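Trainee: quick one, what's the 3D model for this:
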Amino acid sequence: MTLPVAIVIPSWNRAPLVGQAVLAALEQSHPDTVAIVIDDGSTDDTPEVLAAHADDPRLSIVRLARHLGTAAAKNVGLMLAGTRAVTFHDSDDLPHRDKVARQAEAMTQPGIVAEPGLNWSAAGHSPGVPLQIGAVLCHHDLVLRSGRVVQVRRSLSLVDDLFPNLQLGTEEKGDWTHVNSGLFHPSVFERLGGFANSIEEDRDFRNRLILSGAIVWILDAVLFSKIETEDALTQAPETNYASPRRAADRAQVWQRVADWRSGNALAPEPVDLPDLDIADITNPANLQLSATPASPATREALQAALDRAGGPAVAA
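Mentor: Okay, the predicted model is just below:
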């Protein structure tokens, strides 16, 4: 049975890049894939670029009336993915044509059990029991602005916030695009919730995924390239790694790790979008509310937007 997948593409004022991101999603070889573009209140030519692809029935465009930020845009896409597995591709990502297919195949492989030789109690599992793979990750090439290409592998960068003492032998420290490298089973979001309101939302979600005991499968293959651009959040002066804003958000991420190490349970992150205003939705038949925890007002606003667009009336 083919695993249904949603590719969520958050975009804000990336008109020169978003078209290629849409094409890369629509050209994926996996047979049951839809692309959900969240236009996060763009004021450039993004709507016109997206309109050129709007007739493709596999593409749904969700246009927000105001800019809410990357984490909120991802949460909107996540909430509208229904029961599909979800992967996130930024407008400056170039995925291999078989990325989603290979990840879906790995996620649905039978016979995965907790082998008795590993310390499964540390992850909240019992030896010998069947396991549901929660995330399938791959490696990627990071193309720096200088033109230098660095390969980011999951072996060490996956745990950079938990074990920084393992990072010194790596060429580039940390893992900036962990979420983009992954395909996530819907049950992961049902347990963990969505993304925190932070510009370190990927880092925070990556940590919660690991600390919750989710089963992570790593494909030993480079299946997409991340292109570093001048206007990316990690490069812009107000949001780069040296900025006060990112430092504050990073401190919150590390505090959550410290709380976990002190014995505190991980709480889910319900999606709460009080300023959500959806201006338009195309191809709403692809969309359905997921079971990700969310505030009642957020669920009502999303379902109302689907109803106005003529989409499914039954929430997951």
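
Trainee: in a strand, residue 38, correct?
Mentor: Yes: counting by DSSP: H, G, I helix; E, B strand; the rest coil, residue 38 is located in a strand.

Trainee: just the helices from the stretch 101-250 of the chain, written as ranges.
Mentor: 154-157, 186-192, 201-211, 244-261 (DSSP state H, counting those that start in this stretch).

Trainee: quick one: closest of those to residue 284.
Mentor: helix 186-192 (19.1 Å; Cβ to Cβ). Backbone N, C-alpha and C define where each C-beta goes, glycine included.

Trainee: how about that closest one: buried residues?
Mentor: 186, 188-189, 191-192 (16 or more other Cβ atoms under 10 Å).

Trainee: same deal with stretch 23-35?
Mentor: 24-25, 28, 30, 33-35.

Trainee: and these, which two are the farthest apart?
Mentor: Every pair of these checked by Cβ to Cβ; the farthest is 24 and 34, at 14.0 Å.

Trainee: give the other helices and strands that the longest strand anywhere in the chain contacts.
Mentor: Ranked by residue count under DSSP state E, the longest strand found in the chain is strand 215-227. With contacts taken as 3 or more Cβ pairs under 8 Å, 6 or more residues apart in numbering; DSSP states H and E, strand 215-227 sits against strand 93-95, helix 99-107, strand 133-143.

Trainee: mind running it again at 10 Å?
Mentor: helix 15-26, strand 93-95, helix 99-107, strand 133-143, strand 149-152, helix 154-157, strand 182-184, helix 201-211 (3 or more Cβ pairs under 10 Å, 6 or more residues apart in numbering; DSSP states H and E).

Trainee: minimum distance to residue 75: which of these has it?
Mentor: The nearest among those, by Cβ to Cβ, is helix 201-211 at 8.9 Å.

Trainee: got a list of what the spatially most central residue of the chain touches?
Mentor: Of all residues in the chain, the one closest to the mean position by Cα atoms, centre = their mean is residue 88, 4.0 Å from it. By Cβ atoms under 10 Å, 6 or more residues apart in numbering, the contact set of residue 88 is 6-10, 36, 70, 73-74, 77-78, 177, 179-184, 195, 202, 205.

Trainee: bridging residues for it?
Mentor: Applying DSSP bridges to residue 88 yields these beta-bridge partners: residue 8.

Trainee: check the spacing between it and residue 229 real quick.
Mentor: 17 Å (Cβ to Cβ, to the nearest Å).

Trainee: repeat that for residue 66.
Mentor: 24 Å.

Trainee: the two: which has the busier surroundings?
Mentor: Neighbours were counted for residue 66 and for residue 229 using other Cβ atoms under 10 Å; residue 229 has more, 17 against 10.

Trainee: so that one makes contact with residue 13?
Mentor: No: counting by Cβ atoms under 10 Å, residue 229 stays clear of residue 13, with 11.8 Å between them.

Trainee: which residues do these two both contact?
Mentor: By Cβ under 10 Å, 6+ apart, the residues touching both residue 229 and residue 13 are residue 91.

Trainee: dump the helices and strands packed on strand 215-227 to a markdown table, plus distance to residue 250.
Mentor: Formatted as a markdown table, the helices and strands packed on strand 215-227 follow (distance: least, Cβ to Cβ, whole Å):
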| stretch | distance to residue 250 |
| --- | --- |
| helix 15-26 | 26 |
| strand 93-95 | 22 |
| helix 99-107 | 28 |
| strand 133-143 | 19 |
| strand 149-152 | 18 |
| helix 154-157 | 15 |
| strand 182-184 | 20 |
| helix 201-211 | 7 |
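
Trainee: most packed of these?
Mentor: Ranked by mean neighbour count, these are led by strand 182-184 with a mean of 26 (mean count of other Cβ atoms under 10 Å).
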